[in-house]
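*Asks:* For reference, the sequence and a predicted model appear below.
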Amino acid sequence: MDTIYFDLDGTLTDPKPGITRSIQYALQRLDHPTMPTEDELTWCIGPPLRTSFVRLLGGDHSADRAVALYRERFSDVGLYENRVYDGISEVLTTLRASGHRLFVATSKAHVFADRIIDHFGLRHHFERVFGAELDGTRVEKSHLLEYALKETSVDPAKTLMIGDRSHDMIGAKNNGMKGIGVLYGYGSRDELLEAGAQHVCATPAAILDCIP
């Protein structure tokens, strides 16, 4: 593969505390009758945020307000309740040294994704960070990858999407790309394989074994 797109949450970094606590903050501000624990909210890591709030709230009547409240906390605090997975920097360094072009492709708003990439010193590995707009444009992975492929002028048949959730694999398949799933994030082996993953990797280092 000449070009590789990496998901952010659950693939490059573990964002669980920041995401789940910011969701709890939004639910609390909305006086939601029940308060899920951080562990009960891990399914929200990866998919578009508004979609998760629709499911949590039982409809879309307050979803936009929930997203705005989430961002109140996430933009100042939750953004940094995060860590780079052990071994990721070494994997990225090796891939770059091998001549691969690397990009980030995340459903997270790019204004937040850019700050996270810079905060953890990962910027030099990537040519560009692709993310959604704050208004929800390109929040779906299929649309995001379609846009990223056009912007980078690469052949989808020579590109790879690496991510931890089904929508990463579905987005890749819908754009004629191959997908590799990672098991150290928040998706299961069955979820990834059923969504079309060519391989699944238990550790960051195992990614290197799946890339020609």
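*Replies:* Received it, and whenever you're ready, just let me know what you need.

*Asks:* And the strand or helix carrying Ile4, what does it pack against?
*Replies:* According to DSSP states H and E, Ile4 maps onto strand 3-6. On a contact count with 3 or more CB pairs under 8 Å, 6 or more residues apart in numbering; DSSP states H and E, strand 3-6 meets strand 101-109, helix 141-152, strand 159-163. To be clear about C-beta, it is placed using only N, CA and C from the backbone, and glycine gets the same treatment.

*Asks:* Identify each buried residue in the lengthiest helix in the chain, please.
*Replies:* Secondary structure of the chain per DSSP state H: the longest helix is helix 16-29. Neighbour-count burial for helix 16-29, counted by 16 or more other CB atoms under 10 Å, picks out Lys16, Gly18, Ile19, Thr20, Arg21, Ser22, Ile23, Gln24, Tyr25, Ala26, Leu27.

*Asks:* Correct me if wrong: the first one contacts Thr42.
*Replies:* Right, Lys16. Yes: shown here, Lys16 and Thr42 form a contact pair, counting by CB atoms under 8 Å, at 6.4 Å.

*Asks:* Given the strand holding Ile4, what are its sheet partners and their directions?
*Replies:* strand 101-109 (parallel), strand 159-163 (parallel) (DSSP bridges).

*Asks:* residues in contact with it?
*Replies:* Contacts to strand 3-6, defined as CB atoms under 8 Å, 6 or more residues apart in numbering, come from residues 12, 95, 100-105, 126, 130, 145, 148, 152, 154, 158-163, 177, 211.

*Asks:* Equivalent analysis for stretch 117-130, please.
*Replies:* Against stretch 117-130 from outside (CB under 8 Å, 6+ apart): 5-6, 8, 12-13, 79-80, 82, 84, 89, 92-93, 96, 101-106, 110, 113-114, 138, 144, 147-148, 151-152.

*Asks:* could you pull out the helices for this protein?
*Replies:* Counting by DSSP H, the helices of the chain are 16-29, 49-57, 63-74, 88-97, 110-119, 141-152, 166-174, 189-194, 204-207.

*Asks:* buried stuff in the fourth one?
*Replies:* Neighbour-count burial for helix 88-97 flags Ile88, Ser89, Val91, Leu92, Leu95, Arg96 (criterion: 16+ other CB under 10 Å).
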